[in-house]
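Chemist: Task: produce atomic coordinates for the following.
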Amino acid sequence: MTRVEYARRQIENRIYLDAVGQSPGTRWDLMRAFFTEHGFAERVLRKRLGLPTPLNTTDRIVMERDIFPEYARDASIKRMLFVGCGRYTAHYQQQFFPDKDFWTIEPDPDAAGFGAKQHIIAPLEDLDRHFPAGHFDLIICNGVYGWGLDRKEQLEAGFAQCHSRLRDDGHLFFGWDDIPERAPVDLDTVSSRALFRKYTLPTLNTWRYLTDTRYRHTFDFYRK
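Modeler: Numbering: from 1, shown residues only. As a prediction, this is how the structure comes out:
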């Protein structure tokens with residue numbers, strides 16, 4: 001295992017511990033990682049400086065290597081919405097979608113600095129207050145379910161809002177952690193999810209892709 005691969009597994013382990021409500025490590029563990037773990041010190045410094053801080057995790061690699069380019073080269077996708085913002089998503093517009101009409105939405109006002117120039121401070125459930133029906137060609141909602149979008153009524157509203165704001169045949173990309181602590185609602189019981197049809201993404205040749213991560217991050221692909 002290379003130093004980069006080892007560091008990736010360490011990051012993923014800390015994300016898993018956080019996901020299940022455990023401490024990602026003692027102060028000594030984090031200090032040791034600062035001096036010995038590949039890329040750790042750089043991430044800490046970038047966070048302190050308020051700079052974009054990409055995540056070196058298996059799920060992010062799959063998303064950035066296999067999924068984003070598929071959508072980026074699709075000429076029918078012109079206007080898109082990215083749900084949820086953070087330091088690790090701040091580079092997405094410039095790096096992957098510079099030619100798209102790119103919007104972000106996030107309820108936390110403190111995260112607005114990591115959003116696009118076209119940014120809305122609001123939850124996904126309020127999408128219809130800001131955009132007309134059929135406005136988007138693609139909506140990306142990754143890492144929101146189980147991390148704020150938790151209750152069944154929120155999911156019902158979230159899927160329904162995505163469906164109404166997408167144009168006919170528009171794309172929904174939905175990423176989530178398939179562990180009990182972060183999947184509090186059985187997605188099969190969410191009736192508004194059934195408004196969508198499953199879509200086989202060509203680059204992954206499946207409508208659902210489970211990444212090799214301890215927190216079982218999963219990608220689902222839909223069309224309206």
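Chemist: mind listing the helices for the protein?
Modeler: Assigned by DSSP state H, the chain shows helices spanning 3-19, 27-36, 40-48, 58-62, 68-72, 92-96, 152-165.
Chemist: weakest of those in terms of mean pLDDT?
Modeler: If you rank these by mean pLDDT, helix 40-48 sits at the bottom with a mean of 67.
Chemist: if I look at the closest residue to Arg43 other than its chain neighbours, how far off is Arg60?
Modeler: Nearest-residue entry for Arg43: Thr53, 5.2 Å, with adjacent residues in sequence omitted and distances by C-beta to C-beta, 6 or more residues apart in numbering. C-beta: built from backbone N, CA, C; applies to glycine. From Thr53 across to Arg60, the span is 11 Å (C-beta to C-beta, to the nearest Å).
Chemist: where does the chain have low pLDDT?
Modeler: Applying pLDDT under 70 to the chain flags residues 30, 33-34, 37, 39-42, 44-49, 51.
Chemist: Take the helices of the chain and lay them out in a markdown table including mean neighbour count and distance to Pro107.
Modeler: Formatted as a markdown table, the helices of the chain follow (neighbours: other C-beta atoms under 10 Å; distance: least, C-beta to C-beta, whole Å):
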| stretch | mean neighbour count | distance to Pro107 |
| --- | --- | --- |
| helix 3-19 | 17 | 20 |
| helix 27-36 | 12 | 29 |
| helix 40-48 | 14 | 21 |
| helix 58-62 | 19 | 22 |
| helix 68-72 | 16 | 24 |
| helix 92-96 | 16 | 18 |
| helix 152-165 | 19 | 11 |
